[in-house]
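In: next come a sequence and a model predicted from it.
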Amino acid sequence: MRLAVLSDLHANLEALDAVLERLGSERVDSTYVLGDIVGYGADPDAVVERVTSIPDVVLISGNHDLAACGRFDTEWFNDKARAAIEWTSRTMDPSALDRLAALEPVLDTAEGLCVHGSVAEPATEYVVKDADARKSFEAGNFTRCFFGHTHLPTMFVREPDGRVHGSVLRDGREVSIDGDARVMLNPGSVGQPRDGDPRASFMVVDTGTARAVVHRVEYDVARAQRKIRAAGLPDPLADRLARGR
Ligand code: ZN
């Protein structure tokens, strides 16, 4: 089974289309989308339409998706994120919002447990450090977990002796997810990378060969920025796309 794993698309159509084009040559059997489909970016309806029409797609929601359809308190967000969420729920097509409202931030699949944030708190908690990952490994008995929310391509491994260690996943470097260790994999963010590399990030996992690899693809950042400004969304949301922060 070959899986494409995408997360944190954040209504960035240019980034998503660049990733989908690249995926055309990857021959994947299924595509997992780990939430935050909307929020921050200027194309929420088009991005919802695109992801729901991917063949064999598995979708979960993130905190931004839940907030956009009124299922999550926007008090949790900072001012810029809240302004973007309010714009998003105001401008989105009701049928696209209904599609988001039908999703949950956690879903167990045969290939692994999918959560947006963490296993204990799928909608909200960030898994950044080894200690965060340890909490998730203790909160569930999964072998493999896919997560997003931090916008950082990372892997955490729990060895049979209980040690947990994390690593940053770099563009094109394959890692093994084989053996007795349990693993948590984060593909990074399609629509708003925050690791200093502005290129869209996604992951391909081959469960047969037990390999995972993150790919980074360039996209038309300037066009995505222009749309954010034209929509009247906060300027810093456009600025940060060029920095990948
Ligand atoms: Zn996000």
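Out: That came through fine. Remember, predicted model here, so these are calculated numbers, not experimental data.
In: and the longest helix for the protein?
Out: helix 79-91 (DSSP state H).
In: which parts of it are buried?
Out: 81, 82, 83, 84, 85, 87, 88, 89 (16 or more other CB atoms under 10 Å). (Each C-beta comes from the backbone N, C-alpha and C, glycine too.)
In: for the ion, what are the nearby residues on the protein?
Out: Within reach of the ion by CB under 5 Å from the ion, the chain has these residues: 8, 36.
In: okay, helices next: where are they in the chain?
Out: Under the criterion DSSP H, helices of the chain are mapped to 13-23, 44-52, 63-68, 79-91, 94-101, 130-139, 221-230, 235-243.
In: pick the most deeply packed of those.
Out: helix 63-68 (a mean of 28; mean count of other CB atoms under 10 Å).
In: what does that helix contact?
Out: The contact list for helix 63-68 (CB atoms under 8 Å, 6 or more residues apart in numbering) reads 10, 35-40, 44, 72-74, 76-77, 81, 84-85, 88-89, 92, 97, 100, 103, 105, 116-117, 123-124, 149.
In: give me that answer again for 6 Å
Out: 36, 37, 38, 39, 72, 74, 85, 88, 89, 100, 123, 124 (CB atoms under 6 Å, 6 or more residues apart in numbering).
In: repeat for stretch 123-130
Out: 63, 105, 117, 118, 133, 136, 147, 149, 150, 164, 166.
In: off-centre distance for that stretch?
Out: How far stretch 123-130 lies from its chain's middle: 13 Å, per CA atoms, centre = their mean, to the nearest Å.
In: just the buried residues of that stretch, please?
Out: Buried, per 16+ other CB under 10 Å, within stretch 123-130: 123, 124, 125, 127.
In: nearest to residue 229, of the contacts of stretch 123-130?
Out: The nearest member of the contacts of stretch 123-130 to residue 229, counting by CB to CB, is residue 63 at 24.4 Å.
In: from the ion, how far off is the closest residue to the closest one other than its chain neighbours?
Out: Once flanking residues are discounted, residue 63 sits nearest to residue 123: 5.1 Å by CB to CB, 6 or more residues apart in numbering. Noted for residue 123: a distance of 11 Å to the ion, by CB to the ion, to the nearest Å.
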